[in-house]
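J.: here is a sequence with its predicted model. Questions after.
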2 protein chains.
Amino acid sequence: MEQPTREPSPTVGELGETAVLARILPRLEPGEAALLGAGDDAAVVAAHDGRFVVTTDLMVHGPDFRLAWSRPHDLGWKAAATNLTDVAAMGARPTALVVSIAAPPTTPVSLLEGIADGLRDALDALAPGAGVVGGDLSASSVLTIAVTAFGDLDGRRPVLRSGARPGDVLAHAGARGDAARGLKVLFAEARDADGEPDADLADAARTRHPLLVGAQLAPSPPVSAGVVAATSGATAMLDVSDGLARDARRLAEASAVGLDFHAGALGPDPLTAMAGAEDHGLLATFPAGTTPPEPFEVVGVVNGDAGRLTLDGEPVDTSGWDPYSGWDGGTG
Amino acid sequence: MEQPTREPSPTVGELGETAVLARILPRLEPGEAALLGAGDDAAVVAAHDGRFVVTTDLMVHGPDFRLAWSRPHDLGWKAAATNLTDVAAMGARPTALVVSIAAPPTTPVSLLEGIADGLRDALDALAPGAGVVGGDLSASSVLTIAVTAFGDLDGRRPVLRSGARPGDVLAHAGARGDAARGLKVLFAEARDADGEPDADLADAARTRHPLLVGAQLAPSPPVSAGVVAATSGATAMLDVSDGLARDARRLAEASAVGLDFHAGALGPDPLTAMAGAEDHGLLATFPAGTTPPEPFEVVGVVNGDAGRLTLDGEPVDTSGWDPYSGWDGGTG
């Protein structure tokens, strides 16, 4: 199949670190919390609360994305979105990111520019006011994106996984299974005759299934719902990145409670909703008798069966994604 | 050549993410600033100052280290040490790290345990009280270590690169060229007949040249000197990671001053002292007429020739390490 036409771009090896950074940094905003942005040995970020929330995550070409399927903008968007959701899951307001990229010398600079644009656009859409305060550019044979994200609790207690109590309302915000459905679409419709990921077929699949493929490649998690949950008295919360069942079990174990999901609340395909990874929704518990704030929806109830997960009272399989057993070794 | 005997260790692919983390996390201390350590969606770190300093850096197998030369403990040590020095170069006190590691599924768990031990020991030695508050473990075909380090300014202004003034004293703390000399030793004495890095030969070279090889593989930068410089009125400071000449030019350009080094202060081989990368010393300027505090040593003077770098008045070549042109593509 013919390769998609791309604008000619020098490679990062041709330009060198300094010139590449000069093309990337102007695409990023340091954000409102940046007291000193990129350019010195380190950045300085405001933490009015006297504490800061921090989370970090790596995205690696192969196990975490295929370059034939993900556009550069998608990579930056997803790298920001997933880390922002971890900040949100503490009940914190995201303030800033630092981003390190390791790229092969043959990487077109336009690819890094696309990643930068995706980072900026995700920040603008999901965490207005937050920005990129620093980073690092390295060489590697494998494209790798490392994001560390920061948040401010604005004087509140962090919302931990361990605070759920029997009787609490179990609620969820965000997609339930769409990212896994999108991945299934890509495997079914965006591989060539040899089974290799193909960019043109991915574009066509995305046109046919924009919501599902978009949920996989450039998710829009409910980042602002994290603070909403915290100010509404959420007793526990976590980011659902490895599938609702697997992450719900983490909350159940940390809180020493049982969680019973209502199948009727999970849509027409509750099993995919429970098993599908990478949705980056927020699972939270709220005190008994309260109505969870929008965009949270009631999906079940907390009970006293410590560590037990059920769907309408029946046990649930909570196996899920593991970065080592889950990667087939392909890159694409 | 016979391979060194190693203890049998399961691989990270055999154990899976959760079991690997259960073996690594107990080797790390969260440190005094950790209000909430690893285990939830994000950590919470104290920032009494109301601001925090942040820097991030990637170490990649191939361009940044050879597994035949660097022991796992070295990798963790160096990853911590280099990031701590960037925090110190702002005049800040290091408080915490987050660490993400991407490793091939075939990686022995003992290698990650060694990295963790190296991180902890470097923190204990170079920044007592600081710890590891979180991280991430991913799969990749290339071992990659991403560290983000934090520091507290304790109410002081950050020491920027841009504050040097003509007449200031130019001073340096730390090694000058030893890391480059150690790398030269390794290339000369620790490659087998095919030119491939060899672990046994590296051990022998390290025994013969412990200071130089140690400076390359597990440097001990003057981290605590960062706060000392700040409280002694340093007008500018930066971490010397790409060679004294190249980094000095950055300070000269940021401050719009000239820097004249005294060859006599740079030891018997001033050119290696100026060009050698990876020493991670601190270059700082202090007000005219003052005596820089220990461990800083006077190495020159600041003048008004904006952006100009000289050695006893003669122009200096400031080319140096670039991650793209500098990597030969080998891994070892």
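T.: Now that the structure is in, tell me what you want to look at.

J.: with just CA atoms, put stretch A:77-93 into PDB.
T.: Taking C-alpha atoms only, stretch A:77-93 is exported to PDB below (Å, rounded to 0.1, in the frame of the first residue of the first chain):
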ATOM      1  CA  TRP A  77      -2.500  14.500  23.500                       C
ATOM      2  CA  LYS A  78      -2.600  11.000  25.100                       C
ATOM      3  CA  ALA A  79       0.600  11.500  27.100                       C
ATOM      4  CA  ALA A  80      -0.900  14.600  28.600                       C
ATOM      5  CA  ALA A  81      -4.400  13.300  29.100                       C
ATOM      6  CA  THR A  82      -3.400  10.100  30.900                       C
ATOM      7  CA  ASN A  83      -1.100  11.900  33.300                       C
ATOM      8  CA  LEU A  84      -3.600  14.700  33.900                       C
ATOM      9  CA  THR A  85      -6.200  12.100  34.900                       C
ATOM     10  CA  ASP A  86      -3.900  10.700  37.600                       C
ATOM     11  CA  VAL A  87      -3.600  14.100  39.100                       C
ATOM     12  CA  ALA A  88      -7.400  14.600  38.900                       C
ATOM     13  CA  ALA A  89      -7.900  11.200  40.600                       C
ATOM     14  CA  MET A  90      -6.300  12.700  43.700                       C
ATOM     15  CA  GLY A  91      -8.900  15.500  43.700                       C
ATOM     16  CA  ALA A  92      -6.200  17.900  42.500                       C
ATOM     17  CA  ARG A  93      -6.100  20.700  39.900                       C
END
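
J.: does chain B sit close to it?
T.: Yes: if you take C-beta under 8 Å from any C-beta of the partner chain as the test, stretch A:77-93 does meet chain B, through A:86-87, A:89-90, A:92. Any C-beta I mention is one placed from the backbone N, CA and C, and that applies to glycine too.

J.: tell me which residue in the stretch 151-300 of chain A sits closest to chain B.
T.: Nearest to chain B in the stretch 151-300 of chain A, going by C-beta to the nearest C-beta, is A:D239, at a distance of 5.0 Å.

J.: hey, where'd the strands end up in chain A?
T.: A:34-36, A:43-46, A:51-60, A:93-103, A:131-139, A:144-152, A:169-173, A:236-240, A:258-261, A:281-286, A:297-303, A:309-311, A:314-315 (DSSP state E).

J.: turn these into CSV, including mean neighbour count.
T.: Output for the strands of chain A, formatted as CSV (neighbours: other C-beta atoms under 10 Å in any protein chain shown):
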stretch, mean neighbour count
strand A:34-36, 19
strand A:43-46, 24
strand A:51-60, 27
strand A:93-103, 27
strand A:131-139, 25
strand A:144-152, 29
strand A:169-173, 26
strand A:236-240, 27
strand A:258-261, 23
strand A:281-286, 28
strand A:297-303, 20
strand A:309-311, 20
strand A:314-315, 10
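
J.: adding mean pLDDT, write those strands out as a markdown table.
T.: As requested, the strands of chain A are arranged in a markdown table below (pLDDT from 0 to 100):
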| stretch | mean pLDDT |
| --- | --- |
| strand A:34-36 | 97 |
| strand A:43-46 | 97 |
| strand A:51-60 | 97 |
| strand A:93-103 | 97 |
| strand A:131-139 | 95 |
| strand A:144-152 | 98 |
| strand A:169-173 | 98 |
| strand A:236-240 | 98 |
| strand A:258-261 | 98 |
| strand A:281-286 | 98 |
| strand A:297-303 | 98 |
| strand A:309-311 | 95 |
| strand A:314-315 | 92 |
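
J.: among the ones you listed, which comes closest to A:G214?
T.: Among the strands of chain A, the nearest to A:G214 by C-beta to C-beta is strand A:281-286 (14.8 Å).

J.: what's that closest one packed up against?
T.: Contacts defined by 3 or more C-beta pairs under 8 Å, 6 or more residues apart in numbering or on different chains; DSSP states H and E place strand A:281-286 against strand A:169-173, helix A:225-231, strand A:236-240, helix A:244-255.

J.: CA atoms of it as CSV?
T.: Taking C-alpha atoms only, strand A:281-286 is exported to CSV below (Å, rounded to 0.1, in the frame of the first residue of the first chain):
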residue,chain,number,x,y,z
GLY,A,281,-12.3,7.5,33.5
LEU,A,282,-12.6,8.3,37.2
LEU,A,283,-14.1,5.7,39.6
ALA,A,284,-15.2,7.3,42.9
THR,A,285,-17.3,6.6,46.0
PHE,A,286,-19.6,9.1,47.7
